[in-house]
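Engineer: Let me see the structure of the following:
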Amino acid sequence: MIPTFDHSTTLMVASGVGWAEGTIREYTEDQTLELVKLLLGLGSEANAANDHGITALHGAAYKGANKVVQFLVDHGADLAAKDKGEDFAFGVSSVHMTPLNWAEGVPIGMSSAIAHNDTVALMTRMMQELGIPVMSNTFHGNKGENYQFGGGALDPGFGNRPAEPATKIGAPLTEVVWLPPLLPLTDWLDPR
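Structural biologist: Numbering: from 1, shown residues only. The predicted structure is shown next:
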């Protein structure tokens with residue numbers, strides 16, 4: 001099977017890598033599942049990662065394809081696999097994210113971050129059952145008090161925003177991981 005220029009495989013693409021809400025023809029979840037089954041049967045690797053560290057499970061989680069998520073995990077997909085935390089939206093790099101974090105919503109290019117709460121619940125349950133630490137990452141585009149629309153950065157960080165905490169579910173506050181919040185599209189629109 002021929003991968004793309006960034007080494008995304010047919011299984012990754014079929015599962016949801018590169019999918020964009022409202023811009024790409026949507027197949028039913030059952031059709032997607034049948035294609036994923038076919039590709040795994042033909043020898044696709046469930047845990048293959050592209051140049052960005054993204055796997056088929058990241059794609060299925062991002063798309064909210066619960067049947068595909070369950071099937072991939074049942075066939076060895078790694079719930080703890082992390083992407084490379086690269087630039088997915090508006091010039092902001094993030095922490096390395098698991099498929100669960102992608103189900104929570106990741107803005108990519110001009111696509112909004114779409115949370116799939118049922119997928120988050122499914123993946124959280126599976127991770128807990130397998131003893132995998134559950135790390136939840138949420139992104140908020142809060143404007144800091146010194147934010148100046150179009151006025152350049154007052155802070156060397158992106159968008160003059162304080163970092164938002166993300167904690168392990170049920171973890172004490174001493175285990176807080178700091179994430180750069182991502183910029184919402186509305187910050188690019190001139191309010192005048």
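
Engineer: what sits against the residue nearest to Ala48 when sequence neighbours are not counted?
Structural biologist: By the measure of CB to CB, 6 or more residues apart in numbering, the closest residue to Ala48 outside its immediate chain neighbours is Thr9, 5.4 Å from it. Just so you know, the C-beta spots here come from the backbone N, C-alpha and C atoms, and that holds for glycine as well. Contacts of Thr9 were listed using CB atoms under 8 Å, 6 or more residues apart in numbering, and they are Met1, Pro3, Ser44, Glu45, Ala48, Asn50, Ala56.

Engineer: Just say helix, strand or coil for the fourth one.
Structural biologist: Counting by DSSP: H, G, I helix; E, B strand; the rest coil, the backbone at Glu45 sits in coil.

Engineer: can you give me the helices in the chain?
Structural biologist: Using DSSP state H, the helices found in the chain span residues 10-15, 29-41, 56-63, 66-74, 99-104, 117-129.

Engineer: Comparing these, which comes out most buried?
Structural biologist: Comparing the helices of the chain by mean neighbour count (mean count of other CB atoms under 10 Å), helix 56-63 ranks first with a mean of 30.

Engineer: What confidence value was assigned to Lys84?
Structural biologist: pLDDT for Lys84: 89.

Engineer: For it, list the residues it contacts.
Structural biologist: Per CB under 8 Å, 6+ apart, neighbours of Lys84: His52, Gly53, His96.

Engineer: Just the buried residues of those.
Structural biologist: Buried residues within these, counting neighbours by 16 or more other CB atoms under 10 Å: His52.

Engineer: can the contacts of Lys84 go into TSV with extra columns for distance to Val73?
Structural biologist: Output for the contacts of Lys84, formatted as TSV (distance: CB to CB, whole Å):
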residue	distance to Val73
His52	21
Gly53	18
His96	19
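
Engineer: Dump the contacts of Lys84 to CSV, plus pLDDT and distance to Leu39.
Structural biologist: Rendered in CSV, the data for those read as follows (pLDDT from 0 to 100; distance: CB to CB, whole Å):
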residue, pLDDT, distance to Leu39
His52, 91, 20
Gly53, 95, 20
His96, 87, 26
